[in-house]
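> need the 3D shape of this:
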Amino acid sequence: MISRLLDHAPKLDPREEHFLLPSPQPGPSLFLRRLAPETPIGEAVLYAHGATFPSALSIAHRFDGRSWRDSLCRAGFDCWVLDFHGFGAFSDAYPEMDEPAELHPPLGRAEATSRQLEAAMRFIAAHRGTARLSLIAHSWGTIVAGCLARRCPELVERLIFFAPFTRRAPHGEHLRLPAWRLILLRDQWQRFSPMCRQGRRRCC
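Sure, this is the predicted structure:
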């Protein structure tokens, strides 16, 4: 596997390292962030983000000067985070994203995306000279991580799910989703702001 350091990407921390590695899909590259621990204990952890937040806005985002990633590093973990295709500024987009979203079926299905996660895990394991690492997954990323753990259990030391998806019985009409969509700041604000959620309920 041929990878390279990425020097021009803005760093969220001066000690952060950036890597581009080949995707299992032809052409595109995947972007990895690494923040080494202050006091290493020899364990590595990889974070898989959800459907609406890249790594810079989730585990690596600092509230009042501290992020979840910072806490993991201070506990001694070698912390890596991956941006899936179509997320963040430096993992390549899918080629279909150059066309209108209505022309293609949904991109980034869980089983296919788990191949991206596997590529990152194998790169980190080779980079560190270890066979296994722990995996933290959030929201939609738990489905991706579950697919990976089922297919490649030998890569996984521990599997941690944060806000996982659960199976629900389908109801109503089947929705036809576009290939991709942009998530704007106001979309996230409406999802997580209590006042916005109450306003939507009043309008329904």
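> so where's this structure uncertain?
1-7, 192, 194-204 (pLDDT under 70).
> repeat that with 80
Low-confidence segments of the chain (pLDDT under 80): 1-9, 26-27, 38, 40-42, 167-168, 170, 172, 174-175, 184-185, 187-204.
> now the most centrally placed residue in it: how far from Val144?
By CA atoms, centre = their mean, the chain has its centre lying nearest to His49, at 2.8 Å. Distance, His49 to Val144, by CB to CB, to the nearest Å: 9 Å. Heads up, the C-betas are built off the backbone N, CA and C, glycines and all.
> what do the two both touch?
Common contacts of His49 and Val144 (CB atoms under 8 Å, 6 or more residues apart in numbering): Phe84.
> in the chain, which spans are helices?
Shown for the chain, the helices assigned by DSSP state H span residues 68-74, 110-128, 140-151, 185-192, 194-203.
> touching, the residue nearest to the centre of the chain and Arg69? I think so.
No: the pair His49 / Arg69 is not scored as a contact, 11.7 Å apart, by CB atoms under 8 Å.
> which neighbours do the two share?
Contact criterion CB under 8 Å, 6+ apart; residues shared by His49 and Arg69: Ile59, Val81.
> so what's Thr113 closest to, chain neighbours aside?
With sequence-adjacent residues excluded and distances taken as CB to CB, 6 or more residues apart in numbering, Thr113 is closest to Val144, at 4.8 Å.
> now do Met97
Spatial nearest neighbour of Met97, chain neighbours left out: Trp180 (5.4 Å); criterion: CB to CB, 6+ apart.
> count of residues packed around Ala125?
The tally of other residues near Ala125 (other CB atoms under 10 Å) stands at 17.
> gap between it and Gly146?
Ala125 sits at a distance of 19 Å from Gly146 (criterion: CB to CB).
> roughly how far apart are the residue nearest to Met97 and Ser134?
Trp180 sits 30 Å away from Ser134, taking CB to CB as the criterion.
> please apply the same query to Arg167.
According to CB to CB, Arg167 and Ser134 sit 25 Å apart.
> who has more neighbours, these two?
Legend: neighbour count by other CB under 10 Å for Arg167 and Ser134, higher for Ser134 (16 against 5).
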